[in-house]
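Visitor: Everything below, folded, please.
(one chain, ligands or ions: 1)
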Amino acid sequence: ARERYLARNPLSLARWLEAVTVMPGGNTRTVLHYAPFPLAMARAEGCRLWDADGHEYVDFLGDYTAGLYGHAHPVIRAAIDRALEGGISLGASNMDEARFARAVCERFGLQRVRFTNSGTEANLLAISLGRIFTRRSKVMAFNGAYHGAVFGFAGGGSPMNLPIETVLAPYNESERTRALITEDLALVIVEPMIGSGGCIPARPDFLAMLRQETARVGALLVFDEVMTSRLAPGGLQSAVGVKPDLTTLGKYVGGGMSFGAFGGRGEIMDRFDPRRRDALPHAGTFNNNVLTMAAGLAGLTEVYTPEAALALNASGDALRDRLNAACRAADAPLQFTGLGSMLAVHATPDPVTTPEAAAAANPKLKELFFFDMLAQGIWLARRGMMTLSLPIDDAACDALVAAVEEFLSARQSLLD
Ligand code: PMP
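Guide: Numbering: from 1, shown residues only. Next comes the predicted model:
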């Protein structure tokens, strides 16, 4: 399989060999690297991508949820074109930011919102705000979670991580977590479904417990909905019926441009009001970038309407059911977890309800699955994550199901 990959992708290899001389490992976004070298994509349209060597792929990665609108969606493109006419960087408040803020607040049930350039920044600001607001320093986060590039509690121990005093709790384990929620906690930050860590939904009673216990000890509850805000019209929180104090957003909400946002209760967010004597500073040259404001506004109000959100997630549910039925029919130790338009493949027959269960899967089989999908023209994350974008149609879903069935039959000997 490795030989075949090398022979098939000479121009991707050439690009990578050039890239390693100027970027560490040829890479400027760690998640995009995989051995022996990553494919380079040359262009995209709708839900299709073409790599440097001209192979065509159906885009089932959707840029890790950020690509919800597909490639160069006409409405988003028109909004960006219009914004471009008026200049790129105004260094001033501009005409779209409050409209976009209103759309975001109404959609996700926030009283006030502020924009950033990434989900990482949104979480940084939400965590800092929560610590200042509660006058406490300790933060609870969960094993297997991801909240951005600078947070050590997500993936363990990098020396680059921020020195935030952290309590690491076991995701989806209510009793053990409850015992760790004490009166010195500033906040609990949680993904209502673990995204990058393998599309593992939180149990509704686990989230309800977090809401109840944080309220009891006077800590804030922060939902990181950077990925999951796409899963229901008002974010995943609207579907599970648990209301956090603060919510962080990112990815597709900026229309496909660099984006992050954090918001929630006015009483907390208003610590940023510059008219206050004790106002907290929140800077960022591109926080109200006109292209992002325009693209995000058009996307949320004209394209990814509540109705569109329901339809996209229903088709994700139907696709996941078909894929899991194929795995069961082949009696294969493979399954697809997730909710709505987010899926992750796990090479284990056992239920994946915790990050530990995901870590117990067979890495070799997942690797084979990944390279087999590439050879069959399916683009997905090396770690097995897939997301639906709006241009994904029945033909695209059929192509994925057929590719998975082909993998299951061609690899039968390995699966036994
Ligand atoms: N939170 C979650 C849940 C994420 O999935 C990500 C990105 N994968 C982030 C935060 C960080 O967002 P960004 O990459 O925009 O900094």
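Visitor: Spatially, what comes nearest to residue 79 if we skip its sequence neighbours?
Guide: Nearest residue to residue 79 in three dimensions, chain neighbours excluded: residue 298, at 3.6 Å (CB to CB, 6 or more residues apart in numbering). Every residue, glycine included, has its C-beta placed from N, CA and C.
Visitor: correction: residue 246
Guide: Counting by CB to CB, 6+ apart, the residue nearest residue 246 is residue 264, at 3.9 Å.
Visitor: and if you look at residue 288?
Guide: residue 97 (4.5 Å).
Visitor: try residue 384
Guide: Ranked by CB to CB, 6+ apart and with sequence neighbours excluded, the top spatial neighbour of residue 384 is residue 345, at 4.0 Å.
Visitor: Helix, strand, or coil at the one you found?
Guide: Using DSSP: H, G, I helix; E, B strand; the rest coil, the structure places residue 345 in strand.
Visitor: Can you get me a residue count around it?
Guide: Look at residue 345: counted by other CB atoms under 10 Å, it has 26 neighbours.
Visitor: now residue 10
Guide: Per other CB under 10 Å, the neighbour tally for residue 10 reads 11.
Visitor: and what of residue 86?
Guide: For residue 86, the neighbour count with other CB under 10 Å is 12.
Visitor: where does residue 19 land on pLDDT?
Guide: pLDDT for residue 19: 98.
Visitor: Who are the contact partners of it?
Guide: Residues in contact with residue 19 (CB atoms under 8 Å, 6 or more residues apart in numbering) are 26, 27.
Visitor: Would you report the backbone torsion angles of it?
Guide: The phi/psi pair for residue 19 (degrees, to the nearest 10) reads phi -70, psi -40.
Visitor: separation between it and the ligand?
Guide: Separation of residue 19 from the ligand (CB to the nearest ligand atom, to the nearest Å): 20 Å.
Visitor: Repeat that for residue 105.
Guide: 20 Å.
Visitor: That residue against residue 115, yeah?
Guide: No: under the criterion of CB atoms under 8 Å, residue 105 makes no contact with residue 115, lying 11.7 Å away.
Visitor: Of the two, which one has the most company?
Guide: With neighbours defined as other CB under 10 Å, residue 105 and residue 115 compare such that residue 115 has more, 27 against 16.
Visitor: you'd agree that one is in a strand?
Guide: Yes: the assignment for residue 115 is a strand, going by three-state DSSP.
Visitor: So that it lines up with my notes, have the first residue be 776 from now on.
Guide: In the new count, where the first residue is 776, that last one comes out as residue 890.
Visitor: check contacts around it.
Guide: Contacts of residue 890 (CB under 8 Å, 6+ apart): 872, 875, 876, 1034, 1035, 1036, 1059, 1062, 1063, 1067, 1068.
Visitor: buried subset of those?
Guide: Those of the contacts of residue 890 that meet the buried threshold are 872, 875, 876, 1034, 1035, 1036, 1062, 1063, 1067, 1068, by 16 or more other CB atoms under 10 Å.
Visitor: Please list which of these are also close to the ligand.
Guide: Here is what survives when the buried ones among the contacts of residue 890 are matched to the ligand using CB under 6 Å from any ligand atom: residue 1035.
Visitor: want to throw the buried ones among the contacts of residue 890 into JSON lines with distance to residue 800?
Guide: Listed next are the buried ones among the contacts of residue 890 as JSON lines, based on distance: CB to CB, whole Å:
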{"residue": "872", "distance to residue 800": "37"}
{"residue": "875", "distance to residue 800": "36"}
{"residue": "876", "distance to residue 800": "38"}
{"residue": "1034", "distance to residue 800": "26"}
{"residue": "1035", "distance to residue 800": "25"}
{"residue": "1036", "distance to residue 800": "31"}
{"residue": "1062", "distance to residue 800": "30"}
{"residue": "1063", "distance to residue 800": "34"}
{"residue": "1067", "distance to residue 800": "29"}
{"residue": "1068", "distance to residue 800": "34"}
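Visitor: any idea how far the residue of the stretch 1026-1175 of the chain found nearest the ligand lies from residue 806?
Guide: Closest approach between the stretch 1026-1175 of the chain and the ligand, counting by CB to the nearest ligand atom: residue 1035, at 5.6 Å. Distance, residue 1035 to residue 806, by CB to CB, to the nearest Å: 17 Å.
Visitor: returning to that earlier point: what's the per-residue pLDDT of the residue nearest to residue 1063 here?
Guide: You'll see residue 872 listed with a pLDDT of 98.
Visitor: What's the separation between it and residue 1061?
Guide: Separation of residue 872 from residue 1061 (CB to CB) stands at 12 Å.
Visitor: Number of residues surrounding the residue in the stretch 976-1125 of the chain positioned nearest to the ligand?
Guide: In the stretch 976-1125 of the chain, the residue that lies nearest the ligand is residue 1001 (3.5 Å; CB to the nearest ligand atom). Look at residue 1001: counted by other CB under 10 Å, it has 32 neighbours.
Visitor: again, but for residue 906
Guide: 18.
Visitor: State the pLDDT value of it.
Guide: On pLDDT, residue 906 comes in at 96.
Visitor: In space, what's closest to it - neighbours in sequence excluded?
Guide: Leaving aside its chain neighbours, residue 906 sits nearest to residue 961 (4.5 Å; criterion: CB to CB, 6+ apart).
Visitor: pLDDT value on the one you found, please?
Guide: Turning to residue 961, the model gives it a pLDDT of 97.
Visitor: Residue 1155 now?
Guide: 98.
Visitor: ok, it touching residue 1161?
Guide: Yes: applying CB under 8 Å, one finds residue 1155 in contact with residue 1161, separated by 4.8 Å.
Visitor: got a list of what whatever residue of the stretch 776-925 of the chain ends up closest to the ligand touches?
Guide: Closest to the ligand within the stretch 776-925 of the chain is residue 894: 2.4 Å, counting by CB to the nearest ligand atom. Contact analysis of residue 894 by CB under 8 Å, 6+ apart lists 922, 923, 999, 1001, 1023, 1024, 1025, 1026, 1035.
Visitor: Narrow those to those that are buried.
Guide: With burial judged by 16+ other CB under 10 Å, the buried subset of the contacts of residue 894 is 922, 923, 999, 1001, 1023, 1024, 1025, 1026, 1035.
Visitor: Can you lay out those as a markdown table showing pLDDT and secondary structure?
Guide: Compiled in a markdown table, the buried ones among the contacts of residue 894 are given as follows (pLDDT from 0 to 100; DSSP: H, G, I helix; E, B strand; the rest coil):
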| residue | pLDDT | secondary structure |
| --- | --- | --- |
| 922 | 94 | coil |
| 923 | 91 | coil |
| 999 | 98 | strand |
| 1001 | 98 | coil |
| 1023 | 98 | strand |
| 1024 | 99 | strand |
| 1025 | 98 | strand |
| 1026 | 98 | helix |
| 1035 | 98 | strand |
